[in-house]
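Trainee: The following block contains a protein sequence and its predicted model.
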Amino acid sequence: YSEKMTKLAERAITKINEAMDTSTLGPGLIWQFVYEIRDLCVPLWRLKTNALVVTKSRDDYPCCLPEYAEDNINQHGPCKLNSPCQCVKSVCEPKSLKKCANVKFEAGFGPCYSYAEGSQNHVYCGSDYDLITDIKVQEACHECGRCA
């Protein structure tokens, strides 16, 4: 994790004199990752990174380091690759997976396998719905990692 966080900090430092990036983010509260750095010369300074995430509300703060949320849509949840989780245990370590809904899922964007991690649809596991039953893909397809 430290190597990835070092690269994130390095990118933030090199962008100080560059133009601002523009991004389109969904509705909700936007969080920017800021590191507090202490050293012998300067008591405290804050490094604002370009890592941004969105959550539903102030109470649903991000649990994971940038890019380590298990579900990119739900940043207030478990982290992947056993990375550190800053939320309560019940959020970081959800109980055993519930059974996937017994439906032939179709949201119009591809079958369940197109929602597997690393696939282009994976980021939509928390937002896509079945066209007929209105069930979320993460409740119907085990490829999202939220049901079995």
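Mentor: Okay, I see it.
Trainee: helices and strands of the protein: which one bottoms out on pLDDT?
Mentor: Within the chain, no helix or strand scores below helix 2-14, which has a mean of 65 by mean pLDDT, DSSP states H and E.
Trainee: ok, the residue of the chain most remote from its centre to residue 49 distance?
Mentor: Distance to the chain centre peaks in the chain at residue 41, reaching 35.0 Å (criterion: Cα atoms, centre = their mean). In this structure, residue 41 and residue 49 are 21 Å apart, going by Cβ to Cβ, to the nearest Å. (Glycine included, C-beta is placed from N, CA and C.)
Trainee: Output the longest strand belonging to this protein.
Mentor: The strand that spans the most residues within the chain, counting by DSSP state E, is strand 45-55.
Trainee: What helices and strands are in contact with that one?
Mentor: If you count contacts as 3 or more Cβ pairs under 8 Å, 6 or more residues apart in numbering; DSSP states H and E, strand 45-55 packs onto helix 2-14, strand 29-37.
Trainee: Any idea how many residues pack against the residue nearest to residue 63 when sequence neighbours are not counted?
Mentor: Computed as Cβ to Cβ, 6 or more residues apart in numbering, the closest residue to residue 63 that is not its neighbour in sequence is residue 87, at 3.8 Å. By the measure other Cβ atoms under 10 Å, the count of residues near residue 87 is 18.
Trainee: what about the helices in the protein?
Mentor: With DSSP state H as the criterion, the chain has helices at 2-14, 89-92, 137-140.
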